[in-house]
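> Sequence and predicted model, in that order:
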Amino acid sequence: MNVFHKFAIKSLKLNRTRTIVTIIGIILSTAMLTAVTTTVSSVQQFLLEVTEKQNGCWHGVVSNISMKQIDEISKKKEVEKQVSIQNIGYAKLPHSKNETSPYLYIGGLNGDYETLLPFYMKEGRMPKNENEIILPASLETNAGVSYQVGDVISLPKGLRVLKNKNQLWEDDSYLNEDDETFVESGKTAYHVVGIYLNPLYDQSMSAGYYVFTKAANGGPDYGGSVYVSLKDGRKTADFLKQIKPQKMKGTVADPLKDTNRMYLIYSGNASGSVFRVLGGLMGILIAIIMFGSIALIGNSFSISVNERKRQYGLLSSIGATRKQLRRNVLYEASVLSAIGIPIGVLAGIGGMSVTFYFVSDLMSNMLNQGIEEYGEALRLHMSAAGWAVLLAALIGFFTVLISAYLPARKALRTSAIEVIRQSQDIKIRANKVKTWKLTGKLFGLEGTLASKNFKRNRKKYRATVFSLFVSVVLFISATSFCDYMSTAINTMISTVSCDIRVGDDLTDDSKALYDKLRVTKGVTKSSYYFNLSTESSISAVVPDSSISEEYRNGVDGEGGQLNEPVDEKGNVVKSKTQLVDNLTVVFMENQAFDECVKQNRANGKFDALAYDTMSNQTRDGKMYQYSLFDKIPDEVEVCFPKKLPKHYEDVYERRVGKNGELECRMEKYLNEEAEPNSERFVPYKEFYNTRKITIGKTLDKAPFGMENKLGYGLVLFMPERAIAKICPAGIEKLMVMLYNSDNPTETSEKMCQVLENNDRSTGNLYNYAREIQDVRAMMLVIKIFSYGFIILISLISIANVFNTISTNILLRRREFAVLRSVGMTRHGFYKMMNLECILYGCKGLFFGLIASVGVTYLIYLSLRNQMILDFYIPWYSVVIAVFSVFFVIFCTMLYAMKKIQKDNVAETLKSDVF
């Protein structure tokens, strides 16, 4: 260790408070950097695990090729692992309820299929020989055909062929019995050894359900597919490019090559938009952290260097070069980094591990949505990849070096003589520190001194003001973001009144299904309503005078939604009545309608209750909500579309006829373009089936479970008993069943079983309660990460403020000693320092609050695209910010002043500042 290194170590020991604060700053900075990089690596690992669960961990696939080609590809030197699926044939599926999948596709597995492909055994095990077979779970749920493990099934095997004798395989969807033929070649008995789940194979679009056995040697070569995992996944594209697959004779499908793209991206073997997004977010956060860290650590080194300028000047005068002195400062930075960075890395990993542990439980449902049934649930866990830890440590060290180098370079530019004389420490004109007379009158001599000192040392206090500014902006901005999100989510949650919704095409047994679901365990409330399949085409004739200005002419410079009648030149023609297209008709359960009438105190004789609201997004992205009518008319003429003449279509153009009635235009379309001279204008009563509907009352709140109907225009709620009178024959209806439950998760699971037992798709069940739970969990996670980030940044800023104020006060020992020697009391000192603190705080808050309003408005602009929000400032965050700023400043001042009060005036005046 040379003399300069000893000098650096001694300087650190002599200024323990500043050294400790600097190390704390390095720890916080590195911990935050580690938290960011390891979060990205953990998310990457989680996405990789999800992809493995959904698609498997293969790199590339070649399909629709001969087994000979598959064997050649499998033996290539680049291949590490491979799975081949041999086309064995098809079997007729007896009693299948799925008309588009009347077969079983039999595939023979060979290779590392348990490693590379996502097979999840619901029951049993994988096949070990060509006499054993596994069946998909969807065979029962989708086709209504049930087999058990242990069954022996005899399947009539064969091929799907066209009239030209070409074979059809799994890339060829089922045509029909006229276009394709099943050619049976014999029967084979299989022993069912397992029921599997596999998200890789989509059963919904296939001609046959995938069943697998162990591939056998020999037999006809019908081709197949091969999945490969390469020794170097980065070369997957090049590997597939060099393969020239040949089409098999007698088949329809062409050879296909594809990559497991998402797996390659998440495993680091390919680039993609997801990584670019994650990398961009990581870069932004790292830049913010470095910005705040350099402000703290750089300020600490700046104070250290400025405090020892005379020492550096003396060393320079006896032969020390600028390079040696600069290296001395950088060595000091390296020593501090050697202590702070390892602790910061461990703190970052530990903090994120704890965060992920709790966050993973909160987000369990959302993280595993769509993959719940495939094996064990995945958890978002800490995955501190080597690159993430190394990157955080290097950026942390680089941040410290920059923080040390900048003030050192600036300080060492000055000549040794000027540094020793300290002639450049204070360079300011008298008029620059001139204070208002009012300051002296209000605050006395102490106020004048405080104001002059603040103006004299602007550069020293700029770092303090900047730290306060950053903390205020980040805190209020993060609070505003979370507050806006919470407001939007709470609005959404408050508008959803039912927990579970089930849709069903109206059939003879729909009511029976509703009753079965209604008695499911946990159900506390139920109802239903009917949608019309043509509801988007339903219109209403209303008085022109009742239509609102927003609906007619639009909002914020946008065009209106009203389709007004026009003349031949396209000019709008005045009409006493208008056809309003934004209309929805809902037929409620009779009892539910009667309760709604009673709750809203609707009296008299009427046909419907109404709700009037329209949500619209303008070109600037803002969401607006308004009404169609200034006042909903007491009666509207609802228009249900008639069947038009063959090839004619409604072109949604209106005009006023000779008798003053509205007419609708239709044109003949044989191809994509209208036939010339085919247009016809027809009176609207010939164009539509019309029904006059009287409206009893306008609702302020949607009936139970019907919030999704709002925002699209006028909604008319009518009882089920009115269907025969109002709804024309031939219009198809959809029955929507609504349920509340004291345990929605358990109830929805039991309802899914009921739907499966009644040959209904579980995809028609929608669990609102789960969605709300997931959204709340997501919001909580956002708050945890947002406030965690803000707290750490604020701690860095607080450390910066503490370091700056306390050091600057301690450096003014001789100044304070002079003031005490001429009679300034302790009360006067505290009064002067309190005023200085108020100046710091007010300046930091002034700029911070202005910037916070701007950032909050930008947040509002970005969020209003997707939700209806009013701009506001969360004032509680402003109050907290103001209190926190002055609390930190005054606590720091009291700490430093307490140390100075212990000084002896005479000894301090005799001492020199080194």
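It's in.
> any idea how far Val21 is from Ile27?
11 Å (C-beta to C-beta, to the nearest Å). In short, each C-beta sits where N, CA and C put it, glycine included.
> by contact count, what packs against the strand or helix carrying Asp238?
Counting by DSSP states H and E, the element that carries Asp238 is helix 236-242. For helix 236-242, the elements it packs on are strand 60-65, strand 224-230, strand 256-259, judged by 3 or more C-beta pairs under 8 Å, 6 or more residues apart in numbering; DSSP states H and E.
> closest one to Val573 among these?
strand 256-259 (57.3 Å; C-beta to C-beta).
> now for the closest one, which elements pack on it?
strand 60-65, helix 236-242.
> could you dump the ones you listed to CSV with mean pLDDT?
CSV is the format used below for these (pLDDT from 0 to 100):
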stretch, mean pLDDT
strand 60-65, 89
helix 236-242, 89
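> Tell me which of these sits nearest to Tyr210.
strand 60-65 (13.4 Å).
> what pairs with the closest one, and is each one parallel or antiparallel?
strand 224-230 (antiparallel), strand 256-259 (antiparallel) (DSSP bridges).
> following that strand, which helix or strand comes up?
helix 67-74.
> Can you name the residues in contact with that following helix?
Contacts to helix 67-74, defined as C-beta atoms under 8 Å, 6 or more residues apart in numbering, come from residues 62, 79, 82, 84, 86, 111, 221, 223-226, 228, 243, 245-246.
> quick check, nearest of the residues you listed to Thr38?
Val228 (31.9 Å).
> so who does that closest one touch?
Val228 neighbours (C-beta under 8 Å, 6+ apart): Trp58, His59, Gly60, Val61, Val62, Ile73, Ser74, Val79, Lys81, Gln82, Phe239.
> Give me the distance between it and Val62.
Val228 is 8 Å from Val62, by C-beta to C-beta.
> ok so, going back, list just the one of the helices and strands packed on strand 256-259 that sits closest to Asn708.
strand 60-65 (40.5 Å).
> can you give me the angle the closest one makes with helix 67-74?
Interaxial angle, strand 60-65 versus helix 67-74 (axes from the mean of the first three to the mean of the last three C-alpha atoms, to 10 degrees): 170 degrees.
> can you tell me which residues contact Thr38?
Gly348, Ile349, Met352, Met382, Ser383, Ala384, Ala385, Ala388, Val389, Ala392.
> just checking, what's the longest helix in this protein?
The longest helix of the chain (DSSP state H) is helix 768-810.
> Enumerate the positions of whatever helix or strand comes next after it that are buried.
Going down the chain from helix 768-810, the next helix or strand is helix 813-821, by DSSP H and E. Of all the residues in helix 813-821, those buried under the rule 16 or more other C-beta atoms under 10 Å are Arg813, Arg814, Phe816, Ala817, Leu819, Arg820.
> any idea which of these is closest to Asn659?
Nearest member of those to Asn659, counting by C-beta to C-beta, is Phe816, at 98.0 Å.
> Tell me the spacing between the residue nearest to the closest one when sequence neighbours are not counted and Ile809.
Spatial nearest neighbour of Phe816, chain neighbours left out: Ile900 (5.8 Å); criterion: C-beta to C-beta, 6 or more residues apart in numbering. According to C-beta to C-beta, Ile900 and Ile809 sit 7 Å apart.
> So for the two, which sits in the more crowded spot?
Neighbours per residue (other C-beta atoms under 10 Å) separate Ile900 from Ile809, with Ile809 holding more: 20 against 17.
> check contacts around the more buried one.
Met833, Met893, Ala896, Met897, Ile900.
> Distance-wise, check the last one relative to Val519.
Distance of Ile900 to Val519, computed by C-beta to C-beta: 80 Å.
> Buried ones only from the contacts of helix 67-74, please, as a PyMOL command.
Filtering the contacts of helix 67-74 down to the buried ones (16+ other C-beta under 10 Å) takes a single PyMOL command:
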select buried, resi 62+79+82+84+86+111+223+224+225+226+228+243+245
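> Out of the contacts of helix 67-74, flag the one nearest to Thr181.
Nearest to Thr181 among those, with distances taken as C-beta to C-beta, is Gly223, at 19.6 Å.
> so that closest one touches Asn87, yeah?
Yes. Using C-beta atoms under 8 Å, Gly223 and Asn87 qualify as a contacting pair, with a distance of 5.4 Å.
> Quick check: Ser41 is in a helix.
Yes. According to DSSP: H, G, I helix; E, B strand; the rest coil, Ser41 belongs to a helix.
> Measure how buried it is and give me the count.
Using other C-beta under 10 Å, Ser41 has 21 neighbouring residues.
> and what of Thr181?
By the criterion of other C-beta under 10 Å, Thr181 has 14 neighbours.
> Give me the pLDDT for Glu446.
What the model reports for Glu446 is a pLDDT of 67.
> Now do the same for Ile153: helix, strand or coil?
Under three-state DSSP, Ile153 comes out as strand.
> Just confirm it contacts Val193, I think it does.
No. Ile153 is beyond contact range of Val193, at 11.6 Å (criterion: C-beta under 8 Å).
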